[in-house]
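K.L.:
any chance you could fold what I've pasted below:
(one chain, ligands or ions: 1)
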Amino acid sequence: MAGDWSRRGGRRRQVSRRRAFIGCAEVGKKEAVAKSFAMAYGDDGHNLREVLATFKSCLDEKSEILMDPYLAGWKGLVRFLNTMGTIFTFVSKDAVAKIQIMEEFRSGPHKESYRTLQSMVSYEMANNLVDMKKNTERPVSGCRTILRLHRALLWLQLFLEGLRTGGTDCRTSVVCTDSYNASLANYHPWIIRKATTIAFCTLPNREAFFENMKVGSNEEAVEMLGEALPHIKKLYDITQELYSRHKLLDLP
Ligand SMILES: CCCCCCCC/C=C\CCCCCCCC(=O)N[C@@H](COP(=O)(O)O)[C@H](O)/C=C/CCCCCCCCCCCCC
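P.N.:
Purely as a prediction, here's the structure:
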């Protein structure tokens, strides 16, 4: 019996050591994931000028939209969003989840089919990978995921234009809310709309917002937005036409 206990005790110790090892491995994995998240999405002084320039580099010689710089632009915007306070964490997490879905496609077995938004649409439509109606068993498609970011790109365009043209007394929260109501709000349920508009109330005034952008004076910030906006609009218009042509604008 004693022998059994010692054996059993030894086995129990072995099991607990293994569990501990798995536990440590899990903790280590969680820490590694947290570290890589911070590196990818942590605040690095924003470099918003570079972020907005990334969107400019999305178009290739055939006016197709390159996926990698498109996702890099969104990652840069999320890094900036993460400096706006934890109240925006629910937004940031959703955007990160969508970026990561697309990065998995871009590193998967069909990665070349996801080199551009155009090649993605062609590939997923040709292989019947896009859910045209709700509640089917297919995994989330790239088309659906990019559509959500595409709709957010309209919000971004309206928001930046409102910041650029608003006077010194314009309120960031009002510009943000108006831009949201004219774009993303049309696709969100009440609870998301409520949470989002409450979060907007915490935004600082235009002066402080520009200061947090860390791109120099107000005039330099306005100039930077003026340079970036035509490229963002072009990306939006090309994607809108692509999705409209394939009847993908209402993917569930
Ligand atoms: C010079 C730059 C200054 C401006 C920087 C702005 C930074 C914005 C950074 C990222 C934008 C977030 C993109 C949000 C994508 C949301 C996609 C979406 O609609 N998701 C919903 C639908 O997805 P499914 O459920 O169908 O998979 C999802 O249900 C909603 C998630 C959370 C709410 C999203 C609200 C987005 C509000 C717009 C961004 C507000 C940040 C403003 C801070 C200045």
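K.L.:
excluding its backbone neighbours, what's nearest the most centrally placed residue in the chain?
P.N.:
Geometric centre of the chain, nearest residue: residue 95, 2.9 Å, by C-alpha atoms, centre = their mean. Leaving aside its chain neighbours, residue 95 sits nearest to residue 78 (5.1 Å; criterion: C-beta to C-beta, 6 or more residues apart in numbering). C-beta here means a position set from N, CA and C on the backbone, and glycine is covered the same way.
K.L.:
and the pLDDT for that neighbour?
P.N.:
Residue 78 carries a pLDDT value of 97.
K.L.:
tell me which element it is part of?
P.N.:
Using DSSP states H and E, residue 78 falls within helix 67-81.
K.L.:
which SSE is residue 232 in?
P.N.:
Short version: residue 232 belongs to helix 218-245, going by DSSP H and E.
K.L.:
close to the ligand, is stretch 226-246?
P.N.:
No - using C-beta under 6 Å from any ligand atom, stretch 226-246 never reaches the ligand; the gap is at least 7.3 Å.
K.L.:
what does this protein put close to the ligand?
P.N.:
Residues of the chain lying near the ligand (C-beta under 6 Å from any ligand atom): 48, 77-78, 80-81, 84, 88, 90-91, 94-95, 148, 151-152, 155, 160, 176, 180, 184, 192, 196, 213.
K.L.:
from the residues you listed, which land in strands?
P.N.:
Using DSSP state E, no member of the residues of the chain next to the ligand sits in strands.
K.L.:
so how do I select the buried members of the residues you listed in PyMOL?
P.N.:
In PyMOL, this line selects whichever of the residues of the chain next to the ligand come out buried by 16 or more other C-beta atoms under 10 Å:
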select buried, resi 48+77+78+80+81+84+88+91+95+148+151+152+155+160+176+180+184+196+213
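K.L.:
elements contacting the helix holding residue 78?
P.N.:
Helices and strands touching helix 67-81, as assessed by 3 or more C-beta pairs under 8 Å, 6 or more residues apart in numbering; DSSP states H and E, comprise helix 2-41, helix 48-56, helix 89-105, helix 117-126, helix 142-165.
K.L.:
so where's the stretch 101-250 of the chain uncertain?
P.N.:
135-136 (pLDDT under 70).
K.L.:
what's the angle from the helix holding residue 232 to helix 67-81?
P.N.:
Orientation note: helix 218-245 sits at an angle of 130 degrees relative to helix 67-81 (axes from the mean of the first three to the mean of the last three C-alpha atoms, to 10 degrees).
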